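In: Sharing a model prediction with you, sequence too.
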Amino acid sequence: MNPPYLLAQPPSVLPPLSPRSPPHPPLLKVSDPAVRAMTDFLEDPPRTVAQDSALDQVVDHMFRFGVRAFLVVDERAVIGLITAEDVSDAQHAMARCGTAARELRAADVMTPSLDVPAIDWRTLQESRIADLLEIFEGSGVRYLVVLQTETASWSTVRGLINRQRLERALRRS
């Protein structure tokens, strides 16, 4: 099976991760260009975890790096997205069943890449924040992956848009 999209750079080439996300996202207005709401992976490298990472390790990394989502990778191929909400839901389900959550891996909890909502980079460049709000409201999703088409057969992950972060930036303005 061909991966639906790849990381722009191999993980070993990525600069070191910053210990925390910026405390305050930039102020936004609904009339601003949509690209202002995106975490651009060309400027801020994507946070990734291997598909076989233990769920406890994923939680630890989320806390240490101050992020709520990771791309799940198999080498350079992005195979899914795992969010803090996914982890919490899995831990609660395991607790109800009386099963140990420590046996779960990232791949067990993630949303597979084919099911992750995505928007094309070119479309995003032509959009406004109001358009993103409409997408989030209509779909009910928490994240949008931004894909940049490289060829007809593959794309790279250009960025990520977090609904909660976007709404916080709008409220602050």
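Out: Cool, the structure landed. Residues are numbered from 1 along each chain as shown.
In: Run through this protein and note the low-pLDDT ranges.
Out: 1-26, 98-102, 173 (pLDDT under 70).
In: can we see that at 80?
Out: Applying pLDDT under 80 to the predicted model, the residue ranges of the chain that meet it are 1-26, 94-103, 152, 172-173.
In: Check which residues of the longest helix along it are buried.
Out: Taking residue count as the measure and DSSP state H as the definition, the longest helix of the chain comes out as helix 84-97. By neighbour count with 16 or more other Cβ atoms under 10 Å, helix 84-97 contains the buried residues 84, 86-87, 90-91, 94. No exception for glycine: its C-beta is placed from N, CA and C like everyone else's.
In: and that helix, what other elements does it pack with?
Out: helix 55-65, helix 106-109 (3 or more Cβ pairs under 8 Å, 6 or more residues apart in numbering; DSSP states H and E).
In: rewinding a little: can you redo the buried residues of helix 84-97 as JSON lines with distance to S31?
Out: Rendered in JSON lines, the data for those read as follows (distance: Cβ to Cβ, whole Å):
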{"residue": "A84", "distance to S31": "30"}
{"residue": "D86", "distance to S31": "33"}
{"residue": "V87", "distance to S31": "35"}
{"residue": "A90", "distance to S31": "39"}
{"residue": "Q91", "distance to S31": "40"}
{"residue": "M94", "distance to S31": "44"}
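In: Among those residues, which one lies nearest to Q51?
Out: The shortest approach to Q51 among the buried residues of helix 84-97 belongs to D86, at 13.6 Å (Cβ to Cβ).
In: Go ahead and confirm that closest one touches D108.
Out: No. Using Cβ atoms under 8 Å, D86 is not in contact with D108; the gap is 9.9 Å.
In: With that, I have no additional questions.
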